[in-house]
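Novice: Okay, structure incoming, though there's no sequence with it:
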């Protein structure tokens, strides 16, 4: 319903296809997306995975309006924790660790939960109009569930974007190494495809081991433990919102995202 999947020339292309909602992520989209990642991982004819999005924006993040206001009174921290552990933390870590190279092609806005889609990818190609942001401090939460911020941006830049909520431009992201390449918007798909084609020509086992070497080095440095620990820090924000009846702030955030052109 929300994901398109294609394979050609040893490249699996996974496309977010909810452009009418700026590719906001409801549960169905995330489940379909995870199924597409697993399908690509299991397909011996696939050497490289490309994640891209239809429309003007890569992703406006999690669809906070997916549930009704009538459900708010039924929300508990246990329910939030269980859902987010599966669809946000577990999915993102699984995509990161799939033993095939992956490339995210990002255009327009990539907000909060959108980072959970592109950060797990091995490479990121950004259009020159791409903007990356995590404004969830407005909800009283210290950042999205998958804390790639410090690793992707460095500690001071990570604090800056969290403290202010401002977006990081594609050029800024490239300067700190979060993005590999910045290209004109019209060339995004073509450039990403060319890069994927070049990688797909490399020996498959060598690619697998190269990816494992880098990811394992990050894990030895503490990446995996930090991701798990900060996920629990994230949940304290939900607990605080529940205790203060702060959930209506979700509507304010969604209204803000609804104004994205």
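Specialist: Thanks, I have the structure now. Quick caveat, the model's predicted, so the values are computed rather than measured.

Novice: which residues touch the host helix or strand of residue 84?
Specialist: Using DSSP states H and E, residue 84 sits within helix 77-84. With C-beta atoms under 8 Å, 6 or more residues apart in numbering as the test, helix 77-84 has contacts from 27, 145, 231, 234, 235, 238, 239, 242. Glycine gets a C-beta too; all of them are placed from N, C-alpha and C.

Novice: going on from it, what's the next piece of helix or strand?
Specialist: Moving toward the C-terminus from helix 77-84, the first helix or strand encountered (DSSP H and E) is helix 91-97.

Novice: Buried residues in that following helix, which are they?
Specialist: Neighbour-count burial for helix 91-97, with 16 or more other C-beta atoms under 10 Å as criterion, is recorded at 91, 92, 95, 96.

Novice: would you turn those residues into a markdown table with distance to residue 158 and pLDDT?
Specialist: Output for the buried residues of helix 91-97, formatted as a markdown table (distance: C-beta to C-beta, whole Å; pLDDT from 0 to 100):
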| residue | distance to residue 158 | pLDDT |
| --- | --- | --- |
| 91 | 22 | 96 |
| 92 | 17 | 97 |
| 95 | 21 | 98 |
| 96 | 18 | 98 |
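
Novice: Pick out whichever of the residues you listed sits closest to residue 7.
Specialist: Minimum distance to residue 7 across these is 17.2 Å, recorded for residue 95 (C-beta to C-beta).

Novice: what about that closest one, distance to residue 35?
Specialist: 12 Å (C-beta to C-beta, to the nearest Å).

Novice: what do you get for residue 127?
Specialist: For residue 127, the distance to residue 35 - C-beta to C-beta - is 27 Å.

Novice: more neighbours, these two?
Specialist: Set side by side, residue 127 and residue 35 show more neighbours around residue 127, with 22 against 13, by other C-beta atoms under 10 Å.

Novice: Do a quick rundown of the strands in the stretch 1-150 of the chain.
Specialist: 3-8, 11-16, 48-53, 102-106, 109-111, 123-127, 131-133 (DSSP state E, counting those that start in this stretch).

Novice: Redo those as CSV? Include distance to residue 117 and mean pLDDT.
Specialist: Formatted as CSV, the strands of the stretch 1-150 of the chain follow (distance: least, C-beta to C-beta, whole Å; pLDDT from 0 to 100):
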stretch, distance to residue 117, mean pLDDT
strand 3-8, 11, 98
strand 11-16, 8, 98
strand 48-53, 7, 98
strand 102-106, 7, 98
strand 109-111, 8, 97
strand 123-127, 10, 98
strand 131-133, 11, 97
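
Novice: buried set for the helix holding residue 84?
Specialist: Across helix 77-84, burial judged by 16+ other C-beta under 10 Å covers 80, 81, 84.

Novice: Could you dump the buried residues of helix 91-97 into JSON lines and include distance to residue 191?
Specialist: As requested, those are exported to JSON lines (distance: C-beta to C-beta, whole Å):
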{"residue": "91", "distance to residue 191": "27"}
{"residue": "92", "distance to residue 191": "25"}
{"residue": "95", "distance to residue 191": "22"}
{"residue": "96", "distance to residue 191": "23"}
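
Novice: Just the buried ones among the contacts of helix 77-84, please.
Specialist: Buried residues within the contacts of helix 77-84, defined by neighbour count using 16+ other C-beta under 10 Å: 145, 231, 234, 235, 238.

Novice: Could I get the contacting residues of the spatially closest residue to the first one that is not a sequence neighbour?
Specialist: Looking back up the chat, that one is residue 145. Excluding its sequence neighbours, the residue lying closest to residue 145 (C-beta to C-beta, 6 or more residues apart in numbering) is residue 88, at 4.0 Å. By C-beta under 8 Å, 6+ apart, residue 88 lies in contact with 113, 116, 144, 145, 146.
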